[in-house]
Every structure is written in structure tokens, then in C-alpha cells.
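Visitor: Below is the structure, and that's it, no one-letter string:
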């Protein structure tokens, strides 16, 4: 184990981008990597694979990367698991990072599995929290298990790098700093090692969906909403505030909401500026998926409901009395 610790050093973040457009999760991961690296007294590096992606480099340094490793090659114009895996494994074997983080996105999940398998190392998928065991200098990766009913803390003590994919909107990017002096390392690979059996003939962008993960304002409903027909009032409030409607797992299982509208460890993680919860008890699975919100406003008739432990503002009362009054006051405020 001691030999492994000496050979590997640093926290790496995979830079996810599409035709030069940087994925937000990358900056969140760099922010989290800075915390982990501080505990280990090591540096944070970003790994950028792409085609004519120089414009991304300053942003990575400004948001916390000490070093950026870049391979700029037309073969990386579109993501293909073969070429990205080959390049990533080449860089890992050459520079030996101890921790490697990727976003729990479609691309990140695909690449992480391919890299971990090739390097024969451990991978913890879909993490919601990361920490360092300071005594053993080992990554502690936490993720929901058994349908979100428990949190599992996983560590990989015997292989390196320690790998994890992390959910979008769980971590926080650090403030931008334009006065930085990071290092950019331009890397090269033999063309023969970047050959692929896959040829991209065309790319059609998926129609953009309205995602609660990107919402600025959310109205979240729970068991306190007694009937599906009562969603009329909820929709009225959402329309007034320009909010999206989301909810707890029972609301999805009842068929009142689409599965993509579920908040929690077994659903989506959200971080809106404002979330109003109506009749939500605040079970740990739900709270973990929204407790990073800027303002949490809760309405529940049970003063001991767990939701009040995370809410910034709360009303103990019957939502069927509170909601109409809230709607009326917002209307008056808008008219004024």
C-alpha cells in the first residue's frame, strides 16, 4: 500500500465538452477536487481531450485547475469510447494521479467504466458526497444504495487511481479567479493508438428537455397533497412564479408526476434559488436531493416534520388553507 501511495499523486478531473461547449459539471468537480486536494496537500489537474478546444483552457484554470493536460486532435471532435479510453489510460499511466473524478453523465459513466476496466482499478458510480480518510489517505465515496434507502460509503484502498463519477448539481464550483498562473501541458499520442472501429457519420442533437435540475424555482409536492385534482392549485402557483413542479417518490409512483420530476437520492438532484415544498415530510432521501437550494420554504401541518430541519422558512399549517392565501398574495404583489 505504501508503494502505491508514493507512486500516485494528485486529483484529476475529466473535462466534459461537446464541440467546445464546457459541461457545467466539470467546474463543479474541479471545485470539489480542490477540497480533496487540500486534504492531501496535492494539486488539481484537468484532462481535456478535444478538437480545437483552446478556448476552454483559461476557464479551467480560472475555476481552480492547477494544471491542464490537453490532447488536441480531430479524432476527439466527437466522443467515442475507444479513442477517449486509449488517451485517458495513456495519460494516467504516464502521470499517475491518485484520484480521478468524472461527471455522472451519459459520457462520464461510459468513459469511467471503460477506463476503470482497462486500468483494473475501483470505481464508485453516481456519488453524492466525497471525502478523504486523513489517516489512511484514501478517498471516501458516498452514494445511495438499495433504491436510495441507505447511503453506502465506499473506498478503494488497494488500487490506483481511485475513481468516482459524481452527480450534476451536487458539488459547488469555486468562485472564478481571472488572476491565475496554472500550467498547460500539451500531450501527444501515436496516431496508431487513436484508431477507432467506430466512424461517426452524423450527429443529431437531442431535443432539449425541461429539467428540474436546471430549474431556478421549484414547487415540490408530497403526500400532503390528497388528490391529483388538487394539482390545479399547485400549477397555478407554479405559473405565477415561473416554477417547475416536482415531487417525492410516492407522487411519481402514484402516476401524478413523471419519473424525471422526482427529487431525491433515487431521483434528480436539484439546486434552485427557491424551492417551495407542499406537504413534504422531508425524509432523508428527499432532503439530500435538494438541501443545496438557496432558499427552502416548507408548508406542512406537522410541526415535527423533518423538512423543517432543512428549511430556511416554514409554515406549520394545512396546505389547503395556506396555498390559496399564498396564491392570492402573490397575485396582489404582481398587480402592485
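Guide: Structure's in. What do you need? Please read all numbers here as calculations on a predicted model, not as lab measurements.
Visitor: From the structure, what's the count of residues near the closest residue in space to residue 330 that isn't next to it in sequence?
Guide: Closest residue to residue 330 in three dimensions, ignoring its sequence neighbours and counting by CB to CB, 6 or more residues apart in numbering: residue 240, at 4.9 Å. The way it works is simple: take the backbone N, C-alpha and C, and place the C-beta from them, glycine included. Residues lying near residue 240 (other CB atoms under 10 Å) number 15.
Visitor: Could you check which helix or strand contains residue 115?
Guide: Using DSSP states H and E, residue 115 sits in helix 106-119.
Visitor: Heading C-terminal from that helix, find the next helix or strand.
Guide: Downstream of helix 106-119 (by DSSP H and E), the next one is strand 123-127.
Visitor: what packs against that following strand?
Guide: With contacts defined as 3 or more CB pairs under 8 Å, 6 or more residues apart in numbering; DSSP states H and E, the packing partners of strand 123-127 are helix 106-119, strand 138-145, strand 162-166.
Visitor: Which among these is found nearest to residue 222?
Guide: Closest to residue 222 of the helices and strands packed on strand 123-127, according to CB to CB: strand 138-145, at 18.8 Å.
Visitor: Buried residues, that closest one. List them.
Guide: Within strand 138-145, the residues that count as buried by 16 or more other CB atoms under 10 Å are 138-144.
Visitor: ditto for stretch 16-24
Guide: Buried residues in stretch 16-24 (16+ other CB under 10 Å): 16-17, 22-23.
Visitor: cool, stretch 286-299 as well?
Guide: Of all the residues in stretch 286-299, those buried under the rule 16+ other CB under 10 Å are 286-291, 293, 296-299.
Visitor: Show me the two of those that sit farthest apart.
Guide: Distance extremes for those: the farthest pair is 288 and 299 at 20.3 Å, using CB to CB.
Visitor: which SS class is residue 78?
Guide: Here residue 78 is recorded as coil under DSSP: H, G, I helix; E, B strand; the rest coil.
Visitor: and the closest residue to it other than its chain neighbours, how many neighbours does it have?
Guide: Nearest non-adjacent residue to residue 78, counting by CB to CB, 6+ apart: residue 200, 4.8 Å away. Residues within reach of residue 200, counting by other CB under 10 Å, total 10.
Visitor: my guess is residue 200 contacts residue 82, does it?
Guide: No. At 11.7 Å, residue 200 does not count as touching residue 82 under the criterion of CB atoms under 8 Å.
Visitor: What are the buried residues along stretch 274-283?
Guide: Buried, per 16+ other CB under 10 Å, within stretch 274-283: 274-283.
Visitor: quick one on the thing from earlier: show me what the helix holding residue 115 is packed against.
Guide: Helices and strands touching helix 106-119, by 3+ CB pairs under 8 Å, 6+ apart, are strand 11-14, helix 81-95, strand 99-103, strand 123-127, strand 162-166.
Visitor: can you give me how far it is from the chain middle?
Guide: Centre-to-centre, helix 106-119 and its host chain are 17 Å apart (CA atoms, centre = their mean, to the nearest Å).
Visitor: likewise stretch 11-20?
Guide: Relative to the centre of its chain, stretch 11-20 is centred 14 Å away, using CA atoms, centre = their mean.
Visitor: What residues sit buried inside stretch 240-250?
Guide: Across stretch 240-250, burial judged by 16+ other CB under 10 Å covers 241, 243-249.
Visitor: Quickly name whichever of those residues is closest to residue 307.
Guide: In terms of CB to CB, no member of the buried residues of stretch 240-250 lies closer to residue 307 than residue 248, at 10.4 Å.
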